[in-house]
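Undergrad: Below is the structure, and that's it, no one-letter string:
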C-alpha cells in the first residue's frame, strides 16, 4: 500500500507527517479535546447568516470539493471533482474538537461527485459506476484500495455525466443519470433545431434509476428506471418523514439563444424554474417536452416541440413542490434532522445553489444556500436564503465567484457543512444562541 502524506494541526500550513496507511489518524488527548469548544470565526467565515447562527472554516485547500458526507463520529468524507495529489476522495478529521480539520487522508482515483455513508459502507460514484467501501466501527474505510462495484456501465457522454446518489431506509440506491443534451434537439444547442420525438435519450438517461444497495455488479438491466423526464439532478435526498425521494433539477438553457423570436434575454435568464420534485416510482417530470414557468406557475410546452412560451403541456407530468428562479444550479439537497438549529429548521430542506453561467447579460444569481420549511413531509412555507455571500462582492460571472456552494452534510451535533468547489473551502455552520 502506498504511503500518503497528511498534514497535522493545520491541513495546509502545518508540519507534514507520513502514515503507513492511507487511513491514519492523530491520537488526540481526550482532555484537550473536551476543553476545545467549536466556535464561529470572528467574521463568520465571510458568510451572511440569520441571527443566532455562526460559521467557521473547517478546512481549506480541498480542491474542487463536490459532495460531502459526515460520519456519526464527526469525520467528513469529501468527493473531489478531479484529483488532488492523485486522489479523489478525502477524509477530514478534527482531532481536538475545535471544529477545524487537522488530518487529511486521501484515497480512490476515480472522478465523479456522489458520496454517502449508510449501513456500514461508504458509497461513492464515478461517471459510470457506483462503488462501496466497507467501514469499521469508527466509520473509517477498511480497505481503500479495493472498493466493491455496486453498479457499472452507466452512460457517460461527457455532458451531465456525474452520477449523484442517495440511499433510502430500505436498502435501495438511487442514481441520477443526466441527459447528454440540453433539450433533445436534433442538433443539440443549435438555433431553431426542433426536438426529437420521441426523445431517444430517455431510454438510458434523463432520470433516476433505482438499484439494490447490497448487490454487486449491477447494470441497467438490474435496475429500475424509477423516475424519468429529469434533465439533470445533482442534488437529491431521501425524506424519511414522507418516505419518499426529493430531487432538484437543473433546468434547460438557451431559450433566447435558440429561439430569439419567442424569448428575450431577461426571460431566458429567469426561465425555466429550477424545480424541486417529490418523485415516486413511475413519475415523469416532463423533460424535454415541457419546462416549468415559475412566473406563470404553469407547465409550458418547450419551443422545440411546438411551444411559444405560452402554450401549456405535460398533462401527465408531475408538478414541482417548490419552483425557484432559473439558472441557479442546485447542486445539493439535504433534509435537516438535527437538534442544534431552532425548531423551524427541523425536517426542512437545505439546498446548495452553485450559481449558473446562463444568465447573461442579466446579473448572476446563486452561490447561496436556501432553506425550505417542511411539515409532515411537505413544503409548508416560502423558501428563503439561509447562507449568502459565498461569491463575494463581485459576481459578474462564475469565474469571478470566490466560493460556490456545492455539497451539504449534517454533522452528528446538528451543524451544517457546506463544500465549495471554487474556493476549496469546507464551511461549518452552527447555531450559537
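TA: Everything's here; your move. Predicted, not measured: the structure shown is a model, and the values here were computed from it.

Undergrad: CA only for contacts and neighbour counts going forward, please
TA: Noted.

Undergrad: For residue 273, list the residues it contacts.
TA: By Cα atoms under 8 Å, 6 or more residues apart in numbering, the residues touching residue 273 are 251, 291-294, 323-327.

Undergrad: And those residues, which is closest to residue 374?
TA: residue 323 (14.6 Å; Cα to Cα).

Undergrad: residues near that closest one, how many?
TA: 20 (other Cα atoms under 10 Å).

Undergrad: Tell me how far the residue nearest to residue 233 when sequence neighbours are not counted lies from residue 299.
TA: Leaving aside its chain neighbours, residue 233 sits nearest to residue 249 (4.7 Å; criterion: Cα to Cα, 6 or more residues apart in numbering). Distance, residue 249 to residue 299, using Cα to Cα, to the nearest Å: 14 Å.

Undergrad: count of neighbours near the residue nearest to residue 233?
TA: By the criterion of other Cα under 10 Å, residue 249 has 25 neighbours.

Undergrad: quick one, what contacts it?
TA: Neighbour list for residue 249: 230-235, 274-277, 330 [criterion: Cα under 8 Å, 6+ apart].

Undergrad: Which of those residues sits closest to residue 137?
TA: Set against residue 137, the nearest of the contacts of residue 249 by Cα to Cα is residue 235 (28.4 Å).

Undergrad: What pLDDT does the model give the closest one?
TA: What the model reports as pLDDT for residue 235 is 98.

Undergrad: Just give the nearest non-adjacent residue to it, would you?
TA: Excluding its sequence neighbours, the residue lying closest to residue 235 (Cα to Cα, 6+ apart) is residue 332, at 3.7 Å.

Undergrad: can you pull the contacts of that neighbour?
TA: 67, 234-236, 248, 351-353, 406-408.

Undergrad: Pick out the one among these with the largest number of neighbours.
TA: Using other Cα under 10 Å as the neighbour test, these are led by residue 407, with 33 neighbours.

Undergrad: Am I right that that residue is in contact with residue 416?
TA: No: the criterion here is Cα atoms under 8 Å, and residue 407 misses it with residue 416 at 10.4 Å.

Undergrad: now, the most widely separated pair of the contacts of residue 332?
TA: Farthest pair in these (Cα to Cα) is 67 and 248. Separation: 14.4 Å.

Undergrad: Got phi/psi on the most centrally placed residue in the chain?
TA: Nearest to the mean C-alpha position of the chain, by Cα atoms, centre = their mean, lies residue 332 at 2.7 Å. Torsion angles at residue 332 (phi, psi; degrees, to the nearest 10) stand at phi -150, psi 150.

Undergrad: I'd guess residue 256 is in a helix, am I close?
TA: Yes: using DSSP: H, G, I helix; E, B strand; the rest coil, the assignment for residue 256 is a helix.

Undergrad: Contacts only, for it.
TA: Applying Cα under 8 Å, 6+ apart, the residues contacting residue 256 are 262-265, 267-268.

Undergrad: Could you do residue 279 as well?
TA: Residue 279 is in contact with 227, 244-247, counting by Cα under 8 Å, 6+ apart.

Undergrad: closest to residue 169 among those?
TA: Using Cα to Cα, those come closest to residue 169 at residue 244, 10.0 Å.

Undergrad: ok, the closest one touching residue 236?
TA: No: between residue 244 and residue 236 there is no contact under Cα under 8 Å: 10.8 Å.

Undergrad: Flag the shaky bits of the chain, pLDDT-wise.
TA: By pLDDT under 70, the weakly predicted segments of the chain are 1-36, 394, 396, 398.

Undergrad: and if we set it to 80?
TA: By pLDDT under 80, the low-scoring segments of the chain are 1-36, 356-358, 360, 362-363, 393-400.

Undergrad: which helices and strands does the helix or strand residue 427 falls within pack with?
TA: According to DSSP states H and E, residue 427 maps onto strand 425-431. With contacts defined as 3 or more Cα pairs under 8 Å, 6 or more residues apart in numbering; DSSP states H and E, strand 425-431 has these neighbours: strand 53-60, strand 416-420.

Undergrad: Now residue 155: closest residue in space, sequence neighbours ignored.
TA: Per Cα to Cα, 6+ apart, closest to residue 155 is residue 128, 6.1 Å.

Undergrad: And for the one you found, the neighbour number?
TA: For residue 128, the count of nearby residues is 19 (other Cα under 10 Å).

Undergrad: so how far is residue 172 from the spatially closest residue to residue 176 that is not a sequence neighbour?
TA: In space, and not counting its chain neighbours, residue 176 is closest to residue 208: 4.6 Å by Cα to Cα, 6+ apart. With distances taken as Cα to Cα, residue 208 is found 12 Å from residue 172.

Undergrad: between these two, which one's more packed in?
TA: Between residue 208 and residue 172, counted using other Cα under 10 Å, the more crowded position is residue 208 (30 against 14).

Undergrad: what bridges to that one?
TA: Beta-bridge pairing for residue 208 (DSSP bridges): residue 176, residue 227.

Undergrad: What of residue 212?
TA: Bridge pairing for residue 212 - DSSP bridges - gives residue 172.

Undergrad: residue ranges of the strands in the stretch 251-400 of the chain, please?
TA: Under the criterion DSSP state E, counting those that start in this stretch, the stretch 251-400 of the chain contains strands at 274-279, 283-284, 290-293, 298-301, 322-324, 330-335, 349-353, 368-372, 374-375, 378-379, 384-387.

Undergrad: How about the stretch 51-200 of the chain?
TA: Under DSSP E, counting those that start in this stretch, the stretch 51-200 of the chain gives strands at 53-60, 65-70, 76-84, 87-93, 103-107, 115-118, 121-125, 130-134, 148-151, 165-167, 172-177.

Undergrad: right, so the ones you listed: which one is the most enclosed?
TA: Across these, the average number of neighbours (mean count of other Cα atoms under 10 Å) peaks for strand 65-70, which reaches a mean of 27.
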